[in-house]
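Peer 1: got a sequence here, can you build the structure:
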Amino acid sequence: MEDSKKESKAKNFIKRYCNNKLAVIGFFTLVLITLIVIIAPPFLPFSEAEIDPLAFNMPPSAKHLLGGDDVGRDVLSRLLYGGRVSLAVGIFSTAVSVIVGIPLGMLAAFYRGAFEVVVMRLSDIFMSFPSTILILFLVSMFGPSIITVTVVIGVLGWPKFARQIYGSVLSIREKDYIEGAVAIGAKDKLIITRYILPNAVAPIFISITFRIAAIILESSLSFLGMGVQPPAASWGNMLYNAQSITILTSRPWMWVPPGLALVITILSINFIGNGLRDALDPKTAKK
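Peer 2: Numbers count the residues shown, from 1 in each chain. Next up is the predicted model:
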């Protein structure tokens, strides 16, 4: 009976999600972009850092489909390799935020007391600083690199997840079935993993989706010269390398592809997040 209910809920969720056409388009677009940046680069004739003297500021051609940059590197290769980096930063920084934030917020709401005060005040402190300025400061201290940017963005993102699940757990822990589990002597670990977490985690999936859009933050850091450093490519540092008026006006092949890639990816992620929000919203269940 319980399995059939879960299956019915899953089917209803999928149906409601699929009713949102933009969410479906966003999902398949993001999957397509991910597959392309993972599978295609090894088959390209140039690596992201390889220099072809003949490709110096070269417009798109048969040899260089998206042209060459101001160093002679293939723009298509850098676009695809850079897509790997940008998506990886978004995904892994979100994973760091989730791994740190969810346990802290959940335990703070479940046990309350001094631990709750410490966790909530820490989240207040983290959220009181302008995130971009703090990230720039920390990256400048530890040195700009893919790992540094990912960890710093991830660590500074945990308060949002902690606060969100904190509120959910505070509500759920007052339910009758939780009080019943406590009354029969169920262990805290069982109550948290079996009764609280499954009921509190659904809204977190929406936040996770939107948080992956942190690739725009990585791109901003790279655009400011504090993110992923050359010769490694990211969509942000490709835009950073195309800041001059000459490039912006006469060499669009150097900045239009990474700009479009960022816009399409961010829109896809936001469409997916909106679709998840609508599909998980009980008010849409009868629609």
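Peer 1: my guess is Ile178 contacts Ile191. True?
Peer 2: Yes. Counting by Cβ atoms under 8 Å, Ile178 touches Ile191, with 6.5 Å between them. For the C-beta atoms, the positions are set from N, CA and C on the backbone; glycine is no exception.
Peer 1: ok now the host helix or strand of Lys189, how far from the chain's centre?
Peer 2: Using DSSP states H and E, Lys189 falls within helix 188-190. Offset of helix 188-190 from its chain centre (Cα atoms, centre = their mean, to the nearest Å): 30 Å.
Peer 1: what's whichever helix or strand comes after it in contact with?
Peer 2: Next in sequence after helix 188-190, counting helices and strands by DSSP H and E, comes helix 197-200. For helix 197-200, the surrounding residues in contact (Cβ atoms under 8 Å, 6 or more residues apart in numbering) are Met106, Ile165, Ser168, Val169, Ile172.
Peer 1: I'd like the residues you listed laid out as TSV, including distance to Leu87 and secondary structure.
Peer 2: Output for the contacts of helix 197-200, formatted as TSV (distance: Cβ to Cβ, whole Å; DSSP: H, G, I helix; E, B strand; the rest coil):
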residue	distance to Leu87	secondary structure
Met106	28	helix
Ile165	25	helix
Ser168	28	helix
Val169	31	helix
Ile172	33	helix
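Peer 1: top of these by neighbour count?
Peer 2: Using other Cβ atoms under 10 Å as the neighbour test, the contacts of helix 197-200 are led by Ile165, with 28 neighbours.
Peer 1: ok, how many other residues are close to the nearest residue to Ile51 once chain neighbours are set aside?
Peer 2: Once flanking residues are discounted, Ile51 sits nearest to Gly72: 4.4 Å by Cβ to Cβ, 6 or more residues apart in numbering. A count of nearby residues for Gly72, using other Cβ under 10 Å, gives 17.
Peer 1: just Thr193 next, same as before
Peer 2: Neighbours of Thr193 (other Cβ under 10 Å): 11.
Peer 1: check Lys11 too.
Peer 2: Applying other Cβ under 10 Å, we find 10 residues neighbouring Lys11.
Peer 1: same question, Ile147
Peer 2: Ile147 has 11 neighbouring residues, counting by other Cβ under 10 Å.
Peer 1: now the residue nearest to Ile51: how far from Met141?
Peer 2: Between Gly72 and Met141 the computed distance is 34 Å (Cβ to Cβ, to the nearest Å).
Peer 1: repeat for Gly236
Peer 2: From Gly236 to Met141 the distance is 20 Å (Cβ to Cβ).
Peer 1: neighbour count winner among these two?
Peer 2: Set side by side, Gly236 and Met141 show more neighbours around Gly236, with 29 against 9, by other Cβ under 10 Å.
Peer 1: that one contacts Leu217, doesn't it?
Peer 2: No. The criterion here is Cβ under 8 Å, and Gly236 misses it with Leu217 at 9.1 Å.
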